[in-house]
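In: Here you go, sequence then predicted model.
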Amino acid sequence: QVRLVESGGGLVQPGGSLKLSCAASGNIFSIFLMGWYRQAPGNQRELVAQIIGSDTTNYADSVKGRSTISRDISKNTVTLEMNSLKPEDTAVYYCYAEVTLLGRPGSLYKYWGQGTQVTVSS
């Protein structure tokens, strides 16, 4: 019904920057929020950042001050820019969205992308 496709992962040197993008498509009436989670080997999936509407944001303490999440509501896309990357930022990053579907008003459905690997290493 809804597909989230991430792009922008890869290998980055410590101190570098990256930009992750996610596009949602499918049977979408509206998107309440979009965000990014990450999961490192042996760890639980954790919130990185999320955005509600176009400007209400929430960041994990570990990335606050060096990350920016933004959203293009008209295109159903979300972007995460991270600077001053550290080896501990290495993880699979997942796009996430809470969506109202066409024909199903009043209910929010949660969707995940397939994930994109980010490796911070010299």
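Out: Looks like it arrived, so ask away. Values in this document were obtained by computation on a predicted structure and should not be read as measured data. Residues are numbered from 1 along each chain as shown.
In: Could you give the bridge partners of residue 36?
Out: Per DSSP bridges, the residues bridged to residue 36 are residue 49, residue 95.
In: from memory it sits against residue 48, does it?
Out: Yes: under the criterion of C-beta atoms under 8 Å, residue 36 makes contact with residue 48 at 4.3 Å. Where you see a C-beta, it was placed from the backbone N, CA and C, and this is true even at glycine.
In: So the two - more neighbours on which side?
Out: Comparing residue 36 with residue 48 by other C-beta atoms under 10 Å, the one with more neighbours is residue 36, at 27 against 24.
In: Need the per-residue pLDDT for that one.
Out: If you check residue 36, the pLDDT there is 98.
In: Equivalent analysis for residue 103, please.
Out: 88.
In: Ok, residue 54 next?
Out: Note for residue 54: predicted pLDDT of 86.
In: can you check the one 10 residues further on too?
Out: Note for residue 64: predicted pLDDT of 97.
In: Let me know the secondary structure of it.
Out: coil (DSSP: H, G, I helix; E, B strand; the rest coil).
In: Just give me the neighbour total for it.
Out: Neighbours of residue 64 (other C-beta under 10 Å): 11.
In: What segments of this protein are strands?
Out: 2-7, 10-12, 18-26, 28-39, 46-52, 56-59, 67-72, 77-82, 91-101, 104-112, 116-120 (DSSP state E).
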